[in-house]
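Participant: return atomic coordinates for the entry below.
(4 chains)
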There are 4 protein chains.
Amino acid sequence: MDTMDKINKFRDERDWRQFHNEKDLAISISLEAAELLELFQWKTPEEATANGLERIKEELADVLIYSHMMASNLGLDIDEIIADKLKKNALKYPVDKSRGNKGKYTEL
Amino acid sequence: MDTMDKINKFRDERDWRQFHNEKDLAISISLEAAELLELFQWKTPEEATANGLERIKEELADVLIYSHMMASNLGLDIDEIIADKLKKNALKYPVDKSRGNKGKYTEL
Amino acid sequence: MDTMDKINKFRDERDWRQFHNEKDLAISISLEAAELLELFQWKTPEEATANGLERIKEELADVLIYSHMMASNLGLDIDEIIADKLKKNALKYPVDKSRGNKGKYTEL
Amino acid sequence: MDTMDKINKFRDERDWRQFHNEKDLAISISLEAAELLELFQWKTPEEATANGLERIKEELADVLIYSHMMASNLGLDIDEIIADKLKKNALKYPVDKSRGNKGKYTEL
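Facilitator: Numbering: from 1, shown residues only, chains lettered A, B, ... in the order given. Below you'll find the model as predicted:
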């Protein structure tokens, strides 16, 4: 079973689709992203990842799970929307201007 | 090329791996989640998705792209961490107790 | 003692100023905002405020406390920066165009 | 006029109270916190505050303005909820255990 099917199976076994309006799913993604970020609070990246990898895995997975649920609701294909966005980003960040440059595209 | 390879190729062509410490990636995921959530602000889910699907796709893709970048940094397999987390969630939310119930596991 | 003094006293009694770099304070504000938002997840505003007022007070206070700490670090006066921002917002949202209109200023 | 009155005047001149349900205000606080955090992304605290103080002031003010609006909706006094929360935090973080210690209260 692929990842989206596993997530949908988990949701449907619990009959949770009825609660999953997209606004609350967007809130969920934001909250899980905050729980992930919390693992880095008051720490250097090295400190956070050295001791907290197990929790990072879990919170990152939660962000991804809710993102898949949003995509499922809207009939979106994860790989396709990522590929489309990378194409758009490639136009905003041309290789020759952005190589080794962390500036925002509006500042390039 | 699979999705992770496409994302890594995009990053490496721009030599951006050097900027991608995990703390700032966690910030990025949080900021992209906020941009996604912004599309739902002051709106019902129906209003937001009826007119805003193109923008939703883009911001959801950004959340997913940064999540893949975090996973890449830490050598994590996306499908594996999702599968592992679903197993943990299944223990916290047993089907018989959580079916049709949106309560948090601490309240079940 | 005024509110800012109370907050600084709390911080200094614990000798926490040394940890309070502005980047981590910005993370803290964001995390407390997420904890506040969590109280509204999967709920209508009415459901959330009817039963959750005590928790809302606490999380809202946390957002405000960290915001004061950021202001203290940077030598900013809370009332002054709010007054300045209201003046800027008044230019972006002129009364005649924005009355009863929830559109963003770019759409007015 | 005090700060809360100024904020309420701004809102009421535009007849915006009708849109300000507490769930969307909680979303707003979270989004403004993200805009503040964005000013620190990919930067050290020193880099961010050296060049970005004007923007930091504005985004911090936005967090505070929406926090006041939430308090206004719920009939809460800002200074009072902060004072109450500081008292609770003082119990969670006793001076003798937390002095110079950035650990979470569950780890003290």
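
Participant: point out where chain A drops to low pLDDT.
Facilitator: Scanning chain A for pLDDT under 70 picks out A:107-108.

Participant: mind naming the longest helix for it?
Facilitator: Scanning chain A for the helix with the most residues, using DSSP state H, yields helix A:45-74.

Participant: how far does that helix sit from the chain's center?
Facilitator: Centre-to-centre, helix A:45-74 and its host chain are 7 Å apart (Cα atoms, centre = their mean, to the nearest Å).

Participant: so that helix versus helix B:45-74, what angle?
Facilitator: Between the axes of helix A:45-74 and helix B:45-74, defined by axes from the mean of the first three to the mean of the last three Cα atoms, to 10 degrees, the angle is 140 degrees.

Participant: does helix A:45-74 reach chain B?
Facilitator: Yes. Judged by Cβ under 8 Å from any Cβ of the partner chain, helix A:45-74 comes into contact with chain B through A:45, A:48-49, A:53, A:56-58, A:60-65, A:67-68, A:70-71, A:74. Heads up, the C-betas are built off the backbone N, CA and C, glycines and all.

Participant: drop anything exposed from those residues.
Facilitator: For the residues of helix A:45-74 next to chain B, a neighbour count by 16 or more other Cβ atoms under 10 Å in any protein chain shown gives the buried set as A:45, A:48-49, A:56-58, A:60-65, A:67-68, A:70-71.

Participant: who's in contact with the residue in chain A positioned nearest to chain C?
Facilitator: Closest approach between chain A and chain C, counting by Cβ to the nearest Cβ: A:A34, at 3.4 Å. Taking Cβ atoms under 8 Å, 6 or more residues apart in numbering or on different chains, we find A:A34 in contact with B:30, C:30-31, C:34-35.

Participant: got those as TSV, with distance to B:D2 and secondary structure columns?
Facilitator: Putting these into TSV (distance: Cβ to Cβ, whole Å; DSSP: H, G, I helix; E, B strand; the rest coil) gives the following:
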residue	distance to B:D2	secondary structure
B:S30	26	helix
C:S30	32	helix
C:L31	33	helix
C:A34	32	helix
C:E35	36	helix
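
Participant: looking at these, spot the one nearest B:D79.
Facilitator: Of all the contacts of A:A34, B:D79 sits closest to B:S30, with 23.0 Å by Cβ to Cβ.

Participant: check which helix or strand the residue sitting furthest away from the middle of chain A maps to.
Facilitator: Distance from the C-alpha centroid of chain A peaks at A:D96, with 27.6 Å (Cα atoms, centre = their mean). Element membership of A:D96, judged by DSSP states H and E, is helix A:95-98.

Participant: any part of that helix near chain B?
Facilitator: Yes. Helix A:95-98 lies within reach of chain B by Cβ under 8 Å from any Cβ, at A:95, A:98.

Participant: and that helix, what's buried?
Facilitator: Judged by neighbour count using 16+ other Cβ under 10 Å, the buried positions of helix A:95-98 are A:S98.

Participant: if I look at A:K43, how far off is C:F19?
Facilitator: Separation of A:K43 from C:F19 (Cβ to Cβ, to the nearest Å): 10 Å.

Participant: got it, and A:P94?
Facilitator: Per Cβ to Cβ, A:P94 is found 40 Å from C:F19.

Participant: picking that back up, how about the contacts of A:A34 in JSON lines, adding distance to C:M1?
Facilitator: Below are the contacts of A:A34 laid out as JSON lines (distance: Cβ to Cβ, whole Å):
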{"residue": "B:S30", "distance to C:M1": "34"}
{"residue": "C:S30", "distance to C:M1": "28"}
{"residue": "C:L31", "distance to C:M1": "27"}
{"residue": "C:A34", "distance to C:M1": "30"}
{"residue": "C:E35", "distance to C:M1": "27"}
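
Participant: which one of these sits closest to A:F10?
Facilitator: Within the contacts of A:A34, proximity to A:F10 (Cβ to Cβ) peaks at C:A34, which comes in at 23.5 Å.

Participant: what about that closest one, distance to C:L25?
Facilitator: 15 Å.

Participant: what do you get for A:K85?
Facilitator: 31 Å.

Participant: same question for A:F10.
Facilitator: In this structure, A:F10 and C:L25 are 37 Å apart, going by Cβ to Cβ.

Participant: next one: A:N51
Facilitator: The spacing between A:N51 and C:L25, counted by Cβ to Cβ, is 22 Å.

Participant: show me which of these two is the more surrounded one.
Facilitator: A direct count of neighbours by other Cβ atoms under 10 Å in any protein chain shown for A:N51 and C:L25 places C:L25 higher, at 27 against 12.

Participant: quick check: the more buried one touching C:Y66?
Facilitator: Yes. Contact criterion Cβ atoms under 8 Å: C:L25 and C:Y66 qualify, at 5.9 Å.

Participant: which residues do the two both contact?
Facilitator: Joint contacts of C:L25 and C:Y66 (Cβ under 8 Å, 6+ apart) do not exist.

Participant: quick check: domain ranges of chain A?
Facilitator: Using automatic domain parsing, the domains assigned to chain A come out as A:1-76, A:77-108.

Participant: and those: which comes nearest B:E80?
Facilitator: In terms of Cβ to Cβ, the element of these nearest to B:E80 is domain A:1-76, at 9.0 Å.

Participant: quick one: terminal-to-terminal distance for stretch A:70-84?
Facilitator: 17 Å (Cα to Cα, to the nearest Å).

Participant: contacting residues around it?
Facilitator: Contacts with stretch A:70-84, where a contact means Cβ under 8 Å, 6+ apart, come from A:4, A:7-8, A:11, A:20, A:22, A:25-26, A:29, A:67-68, B:2-3, B:6-7, B:49, B:53, B:56-58, B:60-61, B:64-65, B:68.

Participant: quick check on the contacts of A:A34: which are buried?
Facilitator: Among the contacts of A:A34, those scoring as buried are B:30, C:30-31, C:34-35 (criterion: 16+ other Cβ under 10 Å).
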